[in-house]
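Undergrad: sequence and predicted structure are below.
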Amino acid sequence: MQETLDKVTAVFRNVFDDDSLVITPQTTAADIEGWDSVMHVSLTLHVEKTFGIRFTATQIASMNNVGDMVAIIEARQAGKR
Amino acid sequence: MFHGKLHHVGIIVPDEAQLTDLCRICGVTPGRRQYVAEYEADCVFSEGAAGVIEFIIPRGGKLAKFNKGFGGLHHIAIEVDDLNATSAALAADGVRLLESAPVDAGALLINFLPPVFSRGVIIEYVQAKKTHDSSGH
């Protein structure tokens, strides 16, 4: 969980160009200024590229916070192996 | 599945001056204007039956922040026969539209696809209201 969260945090810091961002499993769009629908696209694409996966529409719709995203990433990676 | 066809292209302009400039550049004439309270924006449709451009002039809200307030190409609109049926068809594929119910925008009912589902393209679904006069869009 922590390893994936660390990688996701790095993606967030890159996309928002802010090295001070602190990301937790509870983090939502309401917690980060500028996290709008356009930035959400960028975040999703960068996360997919970083982890070598492509989220399904159902998975995208089910993400309510960063913890949900991390759980889906780890489930997808477990399924790969 | 549903059948869609291109209805218009939506461009956000920050002010009336930019609207005038873009109309001149595109060689189109501004036509019908409507305020959509849901999105705090004036919408001006270029005249003509096909290849319509919608110029969106936000008065506030989220649209005013699009592209850091500078505006730009915002969405493509796809016309469908039945917006609720389209929403249901998309939901069956796991895709959730922005609004829980279609928004009343004058002659149209509209809803939006959050761009994350298309990986970057904002798509507006529109359904023409059924009226005796079908000349408007």
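TA: Looks like it came in fine.
Undergrad: okay, CA-based contacts and neighbour counts for the rest of this
TA: OK.
Undergrad: flag every residue of chain A that's near chain B.
TA: A:37-38, A:40-42, A:44-45, A:56-61 (Cα under 8 Å from any Cα of the partner chain).
Undergrad: do that again at 10 Å, thanks
TA: A:34, A:36-45, A:55-62 (Cα under 10 Å from any Cα of the partner chain).
Undergrad: now do the same contact list for the closest residue to A:L45 other than its chain neighbours.
TA: The shortest distance from A:L45 to any non-neighbouring residue, by Cα to Cα, 6 or more residues apart in numbering or on different chains, is to B:R119 (7.3 Å). The neighbourhood of B:R119, defined by Cα atoms under 10 Å, 6 or more residues apart in numbering or on different chains, consists of A:38, A:40-42, A:44-45.
Undergrad: and if you look at B:A92?
TA: By Cα under 10 Å, 6+ apart, the neighbours of B:A92 are A:58, B:1, B:86.
Undergrad: and which of the contacts of B:R119 is nearest chain B?
TA: A:V41 (4.6 Å; Cα to the nearest Cα).
Undergrad: am I right that the closest one is in contact with B:F117?
TA: Yes - in this structure, A:V41 is within contact of B:F117 by Cα atoms under 10 Å, at 8.3 Å.
Undergrad: count of neighbours near residue 37?
TA: Looking at chain A here, since you left the chain open. 16 (other Cα atoms under 10 Å in any protein chain shown).
Undergrad: I was after chain B.
TA: 12.
Undergrad: residue contacts, it?
TA: Here B:A37 is in contact with B:59, B:103-105 (Cα under 10 Å, 6+ apart).
Undergrad: list the residues that contact the residue nearest to A:T56 when sequence neighbours are not counted.
TA: Spatially, and ignoring its direct neighbours in sequence, A:T56 is nearest to B:G94 (7.9 Å; Cα to Cα, 6+ apart). Shown in contact with B:G94 (Cα under 10 Å, 6+ apart): A:56-62, B:88, B:117.
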